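model the following, please.
(one chain, ligands or ions: 2)
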Amino acid sequence: MITGIGQLITPQVQGPELVVLEDCYIRINEGRIAALGPLEEAPPLRGRKVLDVEGGVVLPGLVDPHTHAVFAGTREEEFLRRCRGERYTSGGIRATVAAVRAASEEELYRNGRHFLLEMLRSGTTTVEVKSGYGLDLENELKLLRVIKRLNEDLPLDLVPTFLGAHALPEGKGSSEYLEEVLAMIPKVKSAGLAEFCDVFCEPGFFSVEESRKILSACRAAGLKLKLHADEFQNSGGAELAAELGAVSADHLLKVSDEGIARLREAGVIPVLLPGTPFTLNAEYAPARKMLAAGLPVALATDFNPGTCLINSMLFIIALTVMKMGMTVEEALIAATRNAARALALEDRGVIAPGKLADLVVLDLKSYRQISYFLGHDLVKYVLKRGEVVYARAHPGLCQD
Ligand code: NIG
Ligand code: FE
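Ligands and ions are numbered 1, 2, ... in the order given. Coordinates of the predicted model:
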């Protein structure tokens, strides 16, 4: 039982509203929400394990549906050059590819563990993780095996995505590498190491035509589809995601009105990643246009060693409110229920009977303070399937 909840906030299971309940309890049974309601209607506490959250704000565990969280090496020099005006190029991805090829599975595991636990401490309980820094069969499988082990060992759920088509590897032509990726797909599928397939569909990386070939083969193999679409240029990525029935289309900084309409018709979830334009000093995705079109906008960090080192969904929610004109209510729905939908998951992202008891407790008086206290240490508890997996401590002299 969780008691002492000052505010419980949750998206509706269906519908556009964020529901806010004050002074309530949640009963958990076998990792799922069993009941919730006003404190005075709570069942007797005797004999139950009780967590009193002392007036905190409780929300669904945050879902991060787009990351590149397992990699080796760092790229601070490239980052600092970009801060002084240099443009982003594919050279950065290749630097990480070289580091990943040289790294052992153990090293990749340790790096991934570090960043994923950091994400857990900031309230994220489900994370999509892409390969894409191997760019050959052996190293793509190596990354996907590490993601599988991390998923088994850490108290958060990882959703694995095959991103063999992230960039052209050094010394390979585009048609040669296209054939190589197509040959990887059945092997990745039969190893059972990926649920989704993604392509970096962008002029200079993979064209719409090439992306269509790769994603169609993935779909035929039984993988669900995602797409890095219309990030730097409007190249028809959103339209391709709609045509292929992708679960999500991600980035969309340069999506056209036509692209937005197609996503809506096809039921594709737009995943917006404001940490990337923030880092790259670029324009943000037209979030208000998408909301006006009735699209269920989702949010993610895009955490990766090149274009966005932000791995906190709370930070992303704040950026969304400050930079994309979304309300804090819209941003919270986007980071929970809609983010889960971007991973084709219906069992989380909402606090309702039957859903997973993945919960975050924030040390705030009101959820309306979430984007206001940007960068503060707000997370008091994280629960995964009903278990407390993180509790904030104020050691020694720092106690307040
Ligand atoms: O989502 N856009 C493509 N891939 C990443 C960047 C990866 C990197 O630079 O290492 C992204 O921004
Ligand atoms: Fe990405």
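
can I get the CA coordinates of stretch 348-364 in PDB?
What follows is stretch 348-364 as a C-alpha-only set of coordinates in PDB (Å, rounded to 0.1, in the frame of the first residue of the first chain):
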ATOM      1  CA  ARG A 348       1.900   0.800 -18.300                       C
ATOM      2  CA  GLY A 349       2.100   4.500 -18.400                       C
ATOM      3  CA  VAL A 350      -1.300   4.900 -16.600                       C
ATOM      4  CA  ILE A 351      -2.200   4.400 -12.900                       C
ATOM      5  CA  ALA A 352      -5.300   2.300 -13.000                       C
ATOM      6  CA  PRO A 353      -6.300  -1.200 -11.800                       C
ATOM      7  CA  GLY A 354      -4.600  -3.900 -13.700                       C
ATOM      8  CA  LYS A 355      -1.700  -1.800 -14.900                       C
ATOM      9  CA  LEU A 356       1.900  -2.400 -13.800                       C
ATOM     10  CA  ALA A 357       2.800  -0.800 -10.500                       C
ATOM     11  CA  ASP A 358       5.600   1.200 -12.000                       C
ATOM     12  CA  LEU A 359       5.500   4.500 -10.100                       C
ATOM     13  CA  VAL A 360       7.600   7.600  -9.300                       C
ATOM     14  CA  VAL A 361       7.200   9.700  -6.200                       C
ATOM     15  CA  LEU A 362       8.300  13.300  -6.500                       C
ATOM     16  CA  ASP A 363       9.200  15.600  -3.600                       C
ATOM     17  CA  LEU A 364       6.800  18.400  -4.700                       C
END
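
start at 20 instead
Renumbered: residue one is now 20, and that last one reads stretch 367-383.

show me the contacts for the residue sitting nearest the centre point of the chain.
A centroid search over the chain (Cα atoms, centre = their mean) returns residue 83, at 2.1 Å, as the residue closest to the centre. The contact partners of residue 83, by Cβ atoms under 8 Å, 6 or more residues apart in numbering, come to 138, 143, 145-147, 319-320, 322, 330, 332, 358. Glycine gets a C-beta too; all of them are placed from N, C-alpha and C.

switch to 7 Å and redo it
Neighbour list for residue 83: 138, 143, 146-147, 319-320, 332, 358 [criterion: Cβ atoms under 7 Å, 6 or more residues apart in numbering].

got it, and residue 288?
Applying Cβ under 7 Å, 6+ apart, we find residue 288 in contact with 266-267, 315, 317, 357, 360-361.

now those in CSV, with distance to residue 64 and neighbour count?
Formatted as CSV, these follow (distance: Cβ to Cβ, whole Å; neighbours: other Cβ atoms under 10 Å):
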residue, distance to residue 64, neighbour count
266, 41, 20
267, 42, 29
315, 38, 21
317, 37, 28
357, 34, 24
360, 35, 20
361, 37, 31
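
ramachandran angles for the residue nearest to residue 146 when sequence neighbours are not counted?
Here the nearest residue to residue 146 in space, its sequence neighbours aside, is residue 83; by Cβ to Cβ, 6 or more residues apart in numbering that works out to 4.7 Å. When read as degrees, to the nearest 10, the backbone of residue 83 gives phi -110, psi 100.

can you check the pLDDT for the nearest residue to residue 366 once chain neighbours are set aside?
Across the structure, with Cβ to Cβ, 6+ apart as the measure, the residue nearest residue 366 apart from its sequence neighbours is residue 375 (5.4 Å). Predicted confidence (pLDDT) at residue 375: the value is 98.

what does the one 5 residues further on give?
Looking at residue 380, its pLDDT stands at 98.

returning to what we had before: among the contacts of residue 288, name the ones in helices.
For those, membership in helices holds for 357, 360, with DSSP state H as the criterion.

quick check: which ranges of this protein have low pLDDT?
Low-confidence segments of the chain, defined by pLDDT under 70, are located at 414, 416-419.

list the contacts for the closest residue to ligand 1 within it?
Here the residue of the chain nearest ligand 1 is residue 325; by Cβ to the nearest ligand atom that distance is 2.3 Å. When contacts are counted by Cβ under 7 Å, 6+ apart, residue 325 is found next to 94, 97, 111-112, 115.
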